[in-house]
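Peer 1: what follows is a predicted protein model with its sequence.
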Amino acid sequence: MSTHTPQSHLIEFTPPSLRNMLIREAALTLTRRRLAEAIPLAQAREREVKATRVPFMILLPTKTNQEIRSNLEDTRQTLASLQKDHEKFTSLEHQLIPLVSYRLETHLRRSFPDYANGLARYRYPADWLRIKTGLETSIRSYHSALKTLLDLCATLAPDKIISTDAACQPMGTLACVRGERLENEVRFINQIADAQRKHTGPAGFTLRRQRLIDWKDSTQLTLGMTAETGCASLRHLLEHSEDMTGQIMIEVTSEQELVRHHSEQGAADYHAEQWAAYRKTALLKINPAELESLAKETETLLESGQFEAWSWLDDAPPPMSASAAAPSASLPPFSTTTPPFVKPQSNGPVLKLASRKATIPPFIPPGPK
């Protein structure tokens with residue numbers, strides 16, 4: 001058993017957003033499994049009822065005939081309902097899994113120093129691949145938002161302020177959110193690089209620190225510009241970002257390949273190991289009598305986008321010095337364990353992140369000559 005595996009009470013010290021996501025993931029998975037177990041039983045029952053049918057049923061008494069047909073129809077409806085619900089909850093689980101994974105990754109980066117240290121020592125190839133893929137996705141998403149914003153700005157009157165446009169404002173908000181996600185990815189890569197330097201010394205490291213600009217604030221600056229000036233600034237920002245992130249991807253890809261070749265067969269997956277342990281303890285927080293309502297509520301949260309909003313959060317866990325609450329079979333009241341999510345008037349996403357300990361100057365694109 002890994003020394004990093006959380007003990008049963010440590011889920012009490014996870015951030016509220018992650019704790020709720022883990023418990024609801026466990027509820028959805030448990031519901032789906034129970035449905036999967038019920039389907040063969042319903043199929044067997046259907047076969048039993050079919051077996052009661054005999055040739056020339058029309059010759060049977062009317063009441064007996066009607067009972068057999070009614071029983072068969074009931075078993076068919078029950079089976080169809082179970083299969084439909086199983087398909088639905090399987091689909092919901094597929095939607096939920098990436099969101100929980102992303103939120104857990106944020107928690108591990110923030111609260112588990114062993115994670116970055118292990119990555120710096122050529123361990124956890126599966127985690128390295130996920131980090132590379134996550135960085136690539138963040139880069140692509142940010143640049144896509146910038147390009148869309150640039151296209152929208154090109155349709156505005158030259159003197160119109162970008163942030164006052166009904167279409168540009170939510171897209172600009174989205175670009176800022178994605179820019180901050182990109183910053184967080186690069187910051188963690190630099191955290192790994194720093195850990196590697198401490199371990200190997202100034203001459204033994206293979207992962208260099210990466211250049212970082214404040215993509216969020218650089219994007220925010222353009223929203224206060226006129227369309228004419230903002231378009232030029234967005235082009236410069238996009239070109240500069242594409243050049244920088246291209247170099248970062250080369251470095252990260254090279255390191256990921258190096259880790260893949262250095263790691264032993266069967267090397268541990270830190271993220272998956274922690275997740276499996278938390279899943280077990282999350283099951284202890286579910287009241288069996290409330291499983292159905294909890295699963296249904298989770299379905300609603302997924303459909304409304306609330307669950308996705310939790311995945312963006314970076315709320316801090318309770319201090320480890322706090323006394324652990326006694327394990328409860330019931331999920332704590334939802335309103336007291338979840339940070340409120342207020343949908344913005346612009347219909348753009350809302351991101352709540354911990355305040356930064358240090359700031360970096362934003363990249364200010366040069367204006368048109």
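Peer 2: That came through, no problem.

Peer 1: excluding chain neighbours, what is closest to the residue nearest the centre of the chain?
Peer 2: Taking C-alpha atoms, centre = their mean, the centroid of the chain lies closest to Leu99, which sits 2.2 Å from it. In this structure, Leu99 finds its nearest non-sequential neighbour in Ser311, 4.1 Å apart by C-beta to C-beta, 6 or more residues apart in numbering. Yep, even glycine has a C-beta here, placed from its N, CA and C like the rest.

Peer 1: what's the distance between stretch 151-171 and the middle of its chain?
Peer 2: 30 Å (C-alpha atoms, centre = their mean, to the nearest Å).

Peer 1: which helix or strand in this protein has the lowest average pLDDT?
Peer 2: The helix or strand of the chain with the poorest confidence is helix 334-337; it has a mean of 36 (mean pLDDT, DSSP states H and E).

Peer 1: what does Ile161 show for phi and psi?
Peer 2: Ile161 adopts backbone torsions of phi -70, psi 130, taken as degrees, to the nearest 10.

Peer 1: from Ala154, how far out is it?
Peer 2: Ile161 sits 15 Å away from Ala154, going by C-beta to C-beta, to the nearest Å.

Peer 1: compare these two (neighbour count), which wins?
Peer 2: Taking other C-beta atoms under 10 Å, Ile161 and Ala154 do not tie; Ile161 has more neighbours (15 against 11).

Peer 1: touching, that one and Gly224? I think so.
Peer 2: Yes: judged on C-beta atoms under 8 Å, Ile161 makes contact with Gly224 at a distance of 6.7 Å.

Peer 1: the residue nearest to Leu99: what secondary structure?
Peer 2: Look at Ser311: counting by DSSP: H, G, I helix; E, B strand; the rest coil, its state is helix.

Peer 1: tally of neighbours for it?
Peer 2: Using other C-beta under 10 Å, Ser311 has 19 other residues around it.

Peer 1: list the contacts for it?
Peer 2: Counting by C-beta atoms under 8 Å, 6 or more residues apart in numbering, Ser311 touches 17, 21, 99-100, 102-103.

Peer 1: same thing but at 10 Å, please
Peer 2: Contacts of Ser311 were listed using C-beta atoms under 10 Å, 6 or more residues apart in numbering, and they are 17-18, 21, 96, 98-106.
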